[in-house]
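1. sequence first, then the predicted structure, then my questions.
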Amino acid sequence: MRCPFCRHADSRVVDSREVDEGQAIRRRRSCASCGRRFTTSETMVLAVVKRSGVTEQFSRDKVVSGVRRACQGRPVDDDALQQLAQRVEESIRSAGLAEIPSHEVGLAILGPLRELDGVAYLRFASVYRSFSSVEDFEKEIADLREAMAGAAAQKDSDQREDGD
Ligand SMILES: [Zn+2]
């Protein structure tokens, strides 16, 4: 890694620490020539294997743009999309694999998206799971209702616990 100040090729690591819950390492370096300090960051490259067999680097931006399409006209702002993409990346990285098939990225999106917005979730799921009939939607909506009822009940009991 060349020094960003003087372009010298040699530097010494003076400190390194894990960030993002161990998913990245940040190193503080000191240039062997000018002595100035700079920081580098190291993350494991996460490759997504497409159905065609082509691999590409995982990108949060791609998650965001894919989900944004499903969120058109919905009250979901950019912050929420960024947070969702971060959760997707964390859940994928937590598996500790260097390569994952692209459909697992879609799978990792479904859970957080369902919490975020039911309509956007149905749109996304209909494409991702290639719904082909009204029944597919009906079944998914039934599951969604159940999940939402479960979440609401959980919230109620949390509030009750808070009240005690
Ligand atoms: Zn330097």
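-> Right, received. Where do you want to start? Just so it is clear, the model here is predicted, and its values are computed rather than measured.

2. look up phi and psi at residue 77.
-> Phi and psi for residue 77, reported as degrees, to the nearest 10, are phi -90, psi 180.

3. nope, residue 156 is what I meant
-> phi -60, psi -50.

4. confidence score at it?
-> If you check residue 156, the pLDDT there is 76.

5. burial of it, as a residue count?
-> When neighbours are counted by other CB atoms under 10 Å, residue 156 registers 10. All C-beta spots, glycine's among them, are computed from the backbone N, C-alpha and C.

6. and if you look at residue 55?
-> So residue 55, with other CB under 10 Å, has 15 neighbours.

7. list the contacts of the residue nearest to it when sequence neighbours are not counted.
-> Leaving aside its sequence neighbours, residue 55 sits nearest to residue 47 (CB to CB, 6 or more residues apart in numbering; 4.5 Å). For residue 47, the contact set (CB atoms under 8 Å, 6 or more residues apart in numbering) comprises 55, 56, 57, 58, 98, 99, 100.

8. which of those sits closest to residue 40?
-> Distance to residue 40 across the contacts of residue 47 (CB to CB) is lowest for residue 57, with 18.2 Å.

9. wait, doesn't that closest one sit right on residue 48?
-> Yes. Counting by CB atoms under 8 Å, residue 57 touches residue 48, with 7.3 Å between them.

10. neighbour count: those two, which is higher?
-> More neighbours surround residue 48 than the other of residue 57 and residue 48, with 19 against 9 (other CB under 10 Å).

11. just confirm residue 29 is within a helix.
-> No. Counting by DSSP: H, G, I helix; E, B strand; the rest coil, residue 29 is not found in a helix; it is strand.

12. beta partners of the residue nearest to residue 55?
-> residue 57, residue 99 (DSSP bridges).

13. measure it to residue 128 for me?
-> 20 Å (CB to CB, to the nearest Å).

14. and what of residue 2?
-> In terms of CB to CB, residue 2 sits 43 Å off from residue 128.

15. likewise for residue 43?
-> 26 Å.

16. so the two - more neighbours on which side?
-> Set residue 43 next to residue 128 and count neighbours by other CB under 10 Å: residue 128 wins out with 17 against 12.

17. this completes my enquiry, with thanks.
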